[in-house]
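1. show me how the following folds:
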Amino acid sequence: MDNLTLSYIIIYVFVFIFGACIGSFLNVCIYRLPKNESLIKRNSHCMTCGEPIKRRDLIPIVSWCILHGKCRSCGAKISARYTIVETLNALLYLWVFYHFNGIFNPLRAALVCLLFSALIVVFFMDWDTQLINTYVVIFIGLLGVAEYIFCKDQTGLTLKSHLIGFFIVSVPLLIICLITHEKAMGMGDVYLMAAAGLFLGMQGALVALLIGLITGSIGGLIQKHRSGDSVFAFGPYLSIGIAVAALYSEQIGSWYMDFTGLNEMMNEAMLIIR
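-> Predicted coordinates for the structure are as follows:
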């Protein structure tokens, strides 16, 4: 193994560990934000006995496995979700870092990693409470601003594309929301797609909505079949769509245009205009 390969391995191991550590903080956000609790002032504790969790038991992924998913003090079961969130965030950081060649484009990779972390919070929080936290949405919007300022040469997105992305999906969703008095979807979904559109740009926002609608339809049908309840949180499915669009919006957009024949129609229209 040469030095370059070893360096790559070390970097990717560090990215995984860092992602798992951030994932541990995401668990705090998912649990405390809906309750309006401080994210930093209160120490982590067992939900059953209230005993503070020792530092040695706060190692992401590892501690849960060592303890066999149980509290060291009272033996109460600790939800596997904590480890799932930590592992998911770590794996997504690895994938983003690989996809954007983060060794040479660290800022772009970092911004998308932070986007994915915010989406994980949206996914699980909305799944539990059917609420999307405003601060998380604002954070996503700020990531979009940062992406335009620092990464526009890499993304190829203009200010116009970012601004259109902000409105192109959120406005139709807002109209649906107002017409149905928030029965079809909540305002949180509107705000989420506005912030995500600012990050993704016009094409990315459309792809995110398309994926969100497809996955949401499938998830809704499964839920209705299992429980008979047709009411479900849309935010998790929009989060999936946003994550996919952040990585593959260009490929999916091009495929969709070719599949539907829109590319040919647009080319013909351009010829007529000329």
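2. from residue 74, how far out is residue 130?
-> Plainly put, residue 130 is 31 Å away from residue 74 if you go by Cβ to Cβ, to the nearest Å. Bear in mind the C-beta positions are built from the backbone N, C-alpha and C, glycine included.
3. actually residue 65, not the one I typed
-> Applying Cβ to Cβ to residue 65 and residue 74 gives a distance of 19 Å.
4. if we can go back for a sec, residue 130 and residue 74: which has the busier surroundings?
-> Legend: neighbour count by other Cβ atoms under 10 Å for residue 130 and residue 74, higher for residue 130 (14 against 11).
5. mind listing the helices for the stretch 1-150 of the chain?
-> In the stretch 1-150 of the chain, the helices defined using DSSP state H, counting those that start in this stretch lie at 3-32, 62-66, 81-99, 106-129, 134-155.
6. save the ones you listed as CSV, and put in distance to residue 259 too.
-> Shown next, in CSV, are the helices of the stretch 1-150 of the chain (distance: least, Cβ to Cβ, whole Å):
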stretch, distance to residue 259
helix 3-32, 34
helix 62-66, 43
helix 81-99, 23
helix 106-129, 26
helix 134-155, 24
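7. closest one to residue 240 among the ones you listed?
-> Shortest separation from residue 240 across these is recorded for helix 106-129, at 7.6 Å, computed as Cβ to Cβ.
8. quick check: mean pLDDT across that closest one?
-> Mean pLDDT, helix 106-129: 97.
9. what is the burial count for residue 171?
-> Counted with other Cβ under 10 Å, residues neighbouring residue 171 total 14.
10. which elements pack onto the one helix or strand it maps to?
-> In this structure, residue 171 sits in helix 170-179 according to DSSP states H and E. With contacts taken as 3 or more Cβ pairs under 8 Å, 6 or more residues apart in numbering; DSSP states H and E, helix 170-179 sits against helix 187-227.
11. so what's the gap between the helix it packs on and the chain middle?
-> Centre-to-centre, helix 187-227 and its host chain are 11 Å apart (Cα atoms, centre = their mean, to the nearest Å).
12. does anything pack onto it? Which helices or strands?
-> Checking 3+ Cβ pairs under 8 Å, 6+ apart, helix 187-227 ends up next to helix 106-129, helix 134-155, helix 159-168, helix 170-179, helix 235-260.
13. most packed of those?
-> The highest mean neighbour count among the helices and strands packed on helix 187-227, using mean count of other Cβ atoms under 10 Å, belongs to helix 106-129: a mean of 21.
14. tell me the angle it makes with helix 81-99.
-> 150 degrees (axes from the mean of the first three to the mean of the last three Cα atoms, to 10 degrees).
15. list the helices and strands helix 106-129 packs on?
-> Using 3+ Cβ pairs under 8 Å, 6+ apart: helix 106-129 touches helix 3-32, helix 81-99, helix 134-155, helix 187-227, helix 235-260.
16. any idea how far that helix is from the chain center?
-> The answer for helix 106-129 is 4 Å, by Cα atoms, centre = their mean.
17. for it, list the C-alpha coordinates in CSV.
-> Output of helix 106-129 as CSV, limited to C-alpha atoms (Å, rounded to 0.1, in the frame of the first residue of the first chain):
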residue,chain,number,x,y,z
PRO,A,106,-13.8,20.3,0.7
LEU,A,107,-16.1,23.3,1.0
ARG,A,108,-18.7,22.1,-1.5
ALA,A,109,-18.6,18.6,0.2
ALA,A,110,-18.9,20.2,3.6
LEU,A,111,-22.0,22.3,2.7
VAL,A,112,-23.8,19.3,1.2
CYS,A,113,-22.8,17.2,4.3
LEU,A,114,-24.4,19.8,6.5
LEU,A,115,-27.5,19.9,4.2
PHE,A,116,-27.8,16.1,4.7
SER,A,117,-27.5,16.4,8.4
ALA,A,118,-30.3,19.0,8.5
LEU,A,119,-32.4,16.7,6.3
ILE,A,120,-32.0,13.9,8.8
VAL,A,121,-33.3,16.1,11.5
VAL,A,122,-36.3,17.1,9.3
PHE,A,123,-36.9,13.5,8.4
PHE,A,124,-37.1,12.0,11.9
MET,A,125,-38.6,15.0,13.6
ASP,A,126,-41.4,15.3,11.1
TRP,A,127,-41.9,11.6,11.1
ASP,A,128,-42.4,11.7,14.9
THR,A,129,-44.3,15.0,15.3
